[in-house]
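A.B. asks: take this sequence and fold it.
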Amino acid sequence: MNKKEYLDLPYHIVMQHITDESGSYYLATVQEFDGCMSNGNTYEEAFKNIHEAMEGWIETKLENGFTVPEPINANQYSGKFVLRLPKTLHARLAMEAEKEGVSLNQYALYRLSTHTG
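C.D. replies: Numbering: from 1, shown residues only. As a prediction, this is how the structure comes out:
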């Protein structure tokens with residue numbers, strides 16, 4: 001596949017509004033491209049800049065013989081995985097779920113969703 005063909009694929013761009021010591025701006029990253037990021041003063045500027053960054057990222061990978069990942073397909077995931085954890089953590093989570101009046105599964109989902117970005 002060439003650069004244009006990759007750029008036509010539906011990659012997942014994440015836009016974040018950031019306010020920190022350097023000011024207020026938008027940060028754009030591509031989930032599938034490790035280290036591919038850009039920013040802009042406006043959403044539109046960051047969106048334009050991330051597409052330019054994607055072009056350079058893909059071009060560099062192809063020129064150096066690396067593979068370019070294809071977009072993540074959410075349909076390939078069932079939404080279920082098995083997790084082994086220490087008995088003490090299992091007990092603590094179960095007690096917290098009971099205190100909240102929800103199932104352990106619901107409580108774990110809540111805790112995971114509030115700690116991932």
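
A.B. asks: show me the domain layout of this structure.
C.D. replies: Following automatic domain parsing, the chain resolves into domains at 3-63, 78-113.

A.B. asks: ranking the ones you listed by burial, who's on top?
C.D. replies: With neighbours defined by mean count of other C-beta atoms under 10 Å, none of the domains of the chain is more surrounded on average than domain 3-63, at a mean of 15. The way it works is simple: take the backbone N, C-alpha and C, and place the C-beta from them, glycine included.

A.B. asks: mind checking how far that domain is from the chain centre?
C.D. replies: Relative to its parent chain, domain 3-63 has a centroid offset of 12 Å by C-alpha atoms, centre = their mean, to the nearest Å.

A.B. asks: that one - what's its average pLDDT?
C.D. replies: Here domain 3-63 scores 96 as its mean pLDDT.

A.B. asks: now do stretch 89-97
C.D. replies: Mean pLDDT, computed over stretch 89-97, is 94.

A.B. asks: distance between it and the chain's centre?
C.D. replies: The answer for stretch 89-97 is 28 Å, by C-alpha atoms, centre = their mean.

A.B. asks: contact partners of that stretch?
C.D. replies: Stretch 89-97 is touched from outside by 103-104, 106-108, 111, with contacts defined as C-beta atoms under 8 Å, 6 or more residues apart in numbering.

A.B. asks: return the member of these nearest to Lys48.
C.D. replies: Distance ranking of those against Lys48, using C-beta to C-beta, places Arg111 first at 36.7 Å.

A.B. asks: next, the contact list for Val14, please.
C.D. replies: Val14 neighbours (C-beta under 8 Å, 6+ apart): 28-31.

A.B. asks: what are the ranges of the strands in the protein?
C.D. replies: Along the chain, the stretches classed as strands by DSSP state E are 13-20, 23-30, 37-40.

A.B. asks: other residues contacting the second one?
C.D. replies: Contacts of strand 23-30 with the rest of the structure, by C-beta under 8 Å, 6+ apart, involve 11-18, 36-43, 45-47, 49-50, 53-54, 57.

A.B. asks: just the C-alphas of it, formatted as CSV.
C.D. replies: Output in CSV follows, covering the C-alpha atoms of strand 23-30 (Å, rounded to 0.1, in the frame of the first residue of the first chain):
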residue,chain,number,x,y,z
GLY,A,23,-1.6,28.2,27.2
SER,A,24,-4.8,26.8,25.7
TYR,A,25,-4.6,24.6,22.6
TYR,A,26,-5.8,21.4,21.0
LEU,A,27,-3.7,18.3,21.0
ALA,A,28,-4.3,15.7,18.3
THR,A,29,-3.0,12.1,18.3
VAL,A,30,-3.6,9.0,16.2
